[in-house]
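Novice: With the input below, show me the fold.
(4 chains)
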Protein chains: 2
Amino acid sequence: MNITLKQLRYLVAVADTLHFSKAAESCFISQPALSTQIQLLEENLGVSLVERNKQHVLITPLGSEIVERARRILGEVNELANIAQANRTPLTSSLCLGVIPTIGPYVLPMVLPQLRSLAAVCDPVCVRCWNGISVK
Amino acid sequence: MNITLKQLRYLVAVADTLHFSKAAESCFISQPALSTQIQLLEENLGVSLVERNKQHVLITPLGSEIVERARRILGEVNELANIAQANRTPLTSSLCLGVIPTIGPYVLPMVLPQLRSLAAVCDPVCVRCWNGISVK
DNA sequence: TAAAAATACTCCATAGGTATTTTAT
DNA sequence: ATAAAATACCTATGGAGTATTTTTA
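Specialist: The predicted model follows:
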């Protein structure tokens, strides 16, 4: 199997809490589910990341290195999502307007000026030709 | 749903090939499977990353930004795996040796010196007490 | 004995495959 | 007509839950 972001999240949670049950809670999953994914991650990487022998959980030296990298990766994934989120704001993305060619030349000259007059609509308004009306 | 590394890999493959079928092949999956994941990723992010209108696939401006970040993230995940891989080399990790207490005091003095004499075994050799023989 | 992690098992969501349809050139 | 992506449908893997066992202090 392959490393997943989920596994990295769970590992970071364990590093933060040093407690499987609390880590699971913070991830909104059950303790066994988290346990399993941590084991899978260790198996995937072929190394031991967490010591469960003593009374409290310990992160191995290599584990700490991995945890730090996991934090960075998860941060960058969040950034990626945020970038997208920012561009998702209504009307900052491109507006695709479909009109059948027959009436296009008559309707567009009336509609486009009004569209442009809306504050949120910026140049350029790009007009392309479509050969159908299948616009969703 | 959540962004997955798999989706980021597929997106990068599309950016590299600008062709869904070739991208799918390079990921060792079918074209529909890749198509679906790209759609899911776009849905997750709430933005359009790939233009499929014209004869050849185009990455949107926002898509390019996302692709660059995806590349970086995937690279760092590989690094993470490599770090682990490096520490997986046999006998650079700790060796856990279990012996029942009854015979421990008799056997260990004979075994440990030989263990130490092996080139790959370094100090410190840490000896702990176990209350059982359940060692895998 | 109590607290915490591992294991057993079951179920369901979903990733992926094959076959087909849609779309554009 | 051909090539490419989307869709439909089905199967199977595996992630997560509950219940239980194991382990350590």
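
Novice: Give me the neighbour count for the spatially closest residue to A:Ser35 that is not a sequence neighbour.
Specialist: Nearest non-adjacent residue to A:Ser35, counting by Cβ to Cβ, 6 or more residues apart in numbering or on different chains: A:Phe20, 5.9 Å away. C-beta coordinates here come from the backbone N, C-alpha and C atoms, glycine included. Using other Cβ atoms under 10 Å in any protein chain shown, A:Phe20 has 19 neighbouring residues.

Novice: and A:Arg9, how far is that from B:Ile66?
Specialist: Distance from A:Arg9 to B:Ile66, counting by Cβ to Cβ, to the nearest Å: 20 Å.

Novice: neighbour count winner among those two?
Specialist: More crowded of A:Arg9 and B:Ile66, by other Cβ under 10 Å: B:Ile66, with 26 against 20.

Novice: buried stuff in the helix or strand where that one lies?
Specialist: Using DSSP states H and E, B:Ile66 maps to helix B:61-86. Within helix B:61-86, the residues that count as buried by 16 or more other Cβ atoms under 10 Å in any protein chain shown are B:62-63, B:65-67, B:69-70, B:73-74, B:77, B:80-81, B:83-84.

Novice: Out of those residues, the closest to A:Glu51 would be?
Specialist: Nearest to A:Glu51 among the buried residues of helix B:61-86: B:Ala84, at 16.1 Å, using Cβ to Cβ.

Novice: How about the helix holding B:Ile66 and chain A, touching?
Specialist: Yes. Applying Cβ under 8 Å from any Cβ of the partner chain, one finds helix B:61-86 touching chain A at B:62, B:65-66, B:69-70, B:72-73, B:76-77, B:79-81, B:83-85.

Novice: In those, find the pair that's most separated.
Specialist: B:Leu62 and B:Gln85 (34.3 Å).

Novice: what sits against the residue found closest to A:Asn2 once you drop the neighbours it is linked to in the chain?
Specialist: Closest residue to A:Asn2 apart from its sequence neighbours, by Cβ to Cβ, 6+ apart: A:Asn44 at 6.9 Å. Contacts for A:Asn44 were tallied using Cβ atoms under 8 Å, 6 or more residues apart in numbering or on different chains; they are A:1-3, A:7, B:81.

Novice: Which entries in the residues you listed are shared with the contacts of DNA strand D?
Specialist: Among those, the ones lying near DNA strand D by Cβ under 7 Å from any atom of the strand are A:Met1.

Novice: Could you give me the PyMOL selection string for whichever of the contacts of A:Asn44 are buried?
Specialist: Applying 16+ other Cβ under 10 Å to those, the buried members can be selected in PyMOL as follows:
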select buried, (chain A and resi 3+7) or (chain B and resi 81)
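
Novice: Which of the contacts of A:Asn44 fall in helices?
Specialist: Among the contacts of A:Asn44, DSSP state H puts A:7, B:81 in helices.

Novice: Out of the contacts of A:Asn44, which comes closest to DNA strand D?
Specialist: Of all the contacts of A:Asn44, DNA strand D sits closest to A:Met1, with 5.5 Å by Cβ to the nearest atom of the strand.

Novice: And that closest one, how far from A:Gln39?
Specialist: 11 Å.

Novice: Overlap in contacts, these two.
Specialist: By Cβ under 8 Å, 6+ apart, no residue touches both A:Met1 and A:Gln39.

Novice: out of the residues of helix B:61-86 next to chain A, which one sits closest to B:Ala24?
Specialist: Distance to B:Ala24, by Cβ to Cβ, is smallest for B:Ala70 among the residues of helix B:61-86 next to chain A, at 16.9 Å.

Novice: what sits against the closest one?
Specialist: Applying Cβ under 8 Å, 6+ apart, the residues near B:Ala70 are A:80, B:8-9, B:11-12.
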